[in-house]
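Asks: Show me the folded form of this:
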Amino acid sequence: MNEEDSILAALVVLPVVLCMGLMRFRRFLRNRGKHNWFLLILGNALVLAFMLSATLLVGEIYFRFIYDSTDALAYTKVCRAWFNRHWRLNDAQCRDDMAYFPETNGLRRITFFGDSFAAGHGVDLKDTFFVRIREGHPDWQIHCIAQPGAETAQEQTNLNLFVEMHYQLADVVLVYCLNDVSDLMPNRAALTNSLAEDKARQGWLFKNSYCLNFFYWRWSSAHNPWMKGYFDFIAETSSGPVWEKQKERLRKFKRTVEKNGGHLRVVTFPFLHALGPNYQYQGIHDALDKFWKEEGVPHLDLLNVYQTMKPSEVMVNRFDPHPNKKAHELAAAAIADFLK
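Replies: Sure, this is the predicted structure:
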């Protein structure tokens, strides 16, 4: 029996034991006749313990066997369980049910490079924008080389790797997210270490219980000071040294594509959790649009698609700002028109 099963078994047994204890305690009080404050407190404590144990059992069953969704960082057990159920890799180690090798001739090839937004974190494969585009355009060969957590440096590495494997580039679409620059954060190491400390601090019970683990990471994410400052840093990357470094990395990606026979386009996703009249990342979108125009690269900014919508309409859930099924559907329509 593994740790998860041990916790579930204990949570099944505990309310039964407490219920039996309450029944015995009730008989004891009936036979004793006289009550005092100590017995009253003890009885209430037993009732409270039973109710808490029953609630925890219901929560454990729900989060382990029923709940089926994700969170932003994929740190919770329920999110990892979602990945085990919904994430399958093909021959190119990409999330897809189509093989990318060997080459298929006769179709227009369109290859997306990106991160979890492109791969479909939080949605079924059939609901991702790239599969929707594939189904709507059977004369197009759609591939998606996307890796959760990838930033521009990793996307460059992935591009280099596929070129080395003699993958033929044609139309290449970089699916850009505003946090693709986050590996250039001056305090990136501090953020990573802080999350590692939170992970080590959770202990055996919170690590192995689906219910307790879920609420532990909700609390931890809300109170981690580095996480609170993460988006503030991103908001400042539309200018300055970080932006200059990022522009050079994007130029390198463009050069690699063109050197190997491809033509680059770019699609930018906004931060969906921040949508609204006071969207604070507009400056980044403006800087990106100006940059790609200067580079002669066609650019589709999906902020124009989502800007009138509420975050709750297009996010996976309130703990996961990745695009949901509806957001992928809207993106698929806009990107398909962009590619024509």
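Asks: now the strands for the stretch 151-300 of the chain?
Replies: 171-177, 263-269, 299-301 (DSSP state E, counting those that start in this stretch).
Asks: can you redo these as a markdown table with distance to Ile142 and mean neighbour count?
Replies: The way it works is simple: take the backbone N, C-alpha and C, and place the C-beta from them, glycine included. What follows is these, written out as a markdown table (distance: least, C-beta to C-beta, whole Å; neighbours: other C-beta atoms under 10 Å):
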| stretch | distance to Ile142 | mean neighbour count |
| --- | --- | --- |
| strand 171-177 | 10 | 24 |
| strand 263-269 | 13 | 22 |
| strand 299-301 | 16 | 21 |
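Asks: can you put those in JSON lines and add mean pLDDT and distance to Ala287?
Replies: Converted to JSON lines, these look like this (pLDDT from 0 to 100; distance: least, C-beta to C-beta, whole Å):
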{"stretch": "strand 171-177", "mean pLDDT": "99", "distance to Ala287": "12"}
{"stretch": "strand 263-269", "mean pLDDT": "99", "distance to Ala287": "11"}
{"stretch": "strand 299-301", "mean pLDDT": "99", "distance to Ala287": "11"}
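Asks: would TSV of those with distance to Lys245 be doable?
Replies: Below are these laid out as TSV (distance: least, C-beta to C-beta, whole Å):
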stretch	distance to Lys245
strand 171-177	15
strand 263-269	18
strand 299-301	20
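Asks: Tell me which of those strands sits nearest to Met309.
Replies: Proximity to Met309 (C-beta to C-beta) singles out strand 263-269 among the strands of the stretch 151-300 of the chain, at 13.2 Å.
Asks: Name the strands paired with that closest one and say parallel or antiparallel.
Replies: Partners of strand 263-269 in the sheet, by DSSP bridges, are strand 171-177 (parallel), strand 299-301 (parallel).
Asks: For the ones you listed, could you give me a markdown table that also reports distance to Pro277?
Replies: Below are those laid out as a markdown table (distance: least, C-beta to C-beta, whole Å):
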| stretch | distance to Pro277 |
| --- | --- |
| strand 171-177 | 22 |
| strand 299-301 | 17 |
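Asks: mind checking which of the strands of the stretch 151-300 of the chain is nearest Gly149?
Replies: Short answer: strand 171-177, nearest of those by C-beta to C-beta, at 10.9 Å.
Asks: Would you confirm that Gly114 contacts Glu151?
Replies: No. The pair Gly114 / Glu151 is not scored as a contact, 10.5 Å apart, by C-beta atoms under 8 Å.
Asks: So for the two, which residue has more residues nearby?
Replies: Legend: neighbour count by other C-beta atoms under 10 Å for Gly114 and Glu151, higher for Gly114 (24 against 19).
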